[in-house]
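# Fold the following.
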Amino acid sequence: MYLPLSLNDSLTALKDNRIDGVLLSGGLPTPAITEALTQGVKLTMVNLKSLVNDARGSSFYDTATVPTTAYKGMAGTPAITLVVHNLLMVREDMPADEAEALVRTLFDVQPTLARDGNAVVANAAQLIDVRSAIETAPIELHAGALTYYKAVKE
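Just a heads-up that it's a prediction; the model follows:
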């Protein structure tokens, strides 16, 4: 059964044995999960290894391993899961020079973001990589972004 609960409400429902599991889309570590573990909520990640090949038929999905070190107090072993890449989206009619400047700025500030005091921001920013950011299929890359990626490749 699907219950549209917030993450915090879902974790409370797990703790109270009102639900059996939570499907979460978010970065690592997720503060609410970390907090639940520090409060003694027993959580284990489900390894999706046997299911990921079917889902990877769509270009939107990839796989990753969530290490046990992602959450102190998490039971179990590293879990293979599905991931969805984050995309920076702009209007198609954005001028190419503006889109190029936007992408350039993102990569210029990426090292600063990766050192941010907010662990969620810093962890997510560490994953921003110019080599993989160009992969946006099936969504077409903006011409300005393509110009930036070509320039840094040279």
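# biggest helix in the protein, by residue count?
For the chain, the longest helix by residue count, based on DSSP state H, is helix 96-114.
# and that helix, how far out from the chain's middle?
19 Å (CA atoms, centre = their mean, to the nearest Å).
# Helices along the chain, start to end?
7-15, 31-38, 52-55, 96-114, 119-126, 130-133, 143-153.
# Considering the ones you listed, which stretch scores lowest in mean pLDDT?
Least confidently modelled of the helices of the chain is helix 119-126, at a mean of 65 by mean pLDDT.
# okay, now the domains of this structure?
Annotated domains of the chain cover 7-84, 96-153 [automatic domain parsing].
# JSON lines please, covering those domains and showing distance to Val90 and mean neighbour count.
C-beta here means a position set from N, CA and C on the backbone, and glycine is covered the same way. Below are the domains of the chain laid out as JSON lines (distance: least, CB to CB, whole Å; neighbours: other CB atoms under 10 Å):
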{"stretch": "domain 7-84", "distance to Val90": "19", "mean neighbour count": "14"}
{"stretch": "domain 96-153", "distance to Val90": "6", "mean neighbour count": "14"}
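# so how far is Tyr71 from the closest residue to Leu87 other than its chain neighbours?
Nearest residue to Leu87, sequence neighbours excluded (CB to CB, 6 or more residues apart in numbering): Thr136, at 6.0 Å. Counting by CB to CB, to the nearest Å, the separation of Thr136 from Tyr71 is 30 Å.
# for the residue nearest in space to the middle of the chain, phi and psi?
In the chain, the residue lying closest to the centroid (CA atoms, centre = their mean) is Gly27, at 4.3 Å. Backbone geometry at Gly27, expressed as degrees, to the nearest 10, gives phi -80, psi 170.
# ok, Lys42 touching Gly76?
No. Using CB atoms under 8 Å, Lys42 is not in contact with Gly76; the gap is 10.5 Å.
# check contacts around the nearest residue to Ala79 once chain neighbours are set aside.
Sequence neighbours aside, Met45 is the residue nearest to Ala79 in space, at 3.9 Å (criterion: CB to CB, 6+ apart). The contact partners of Met45, taken as CB atoms under 8 Å, 6 or more residues apart in numbering, are 66, 74, 76, 79, 81.
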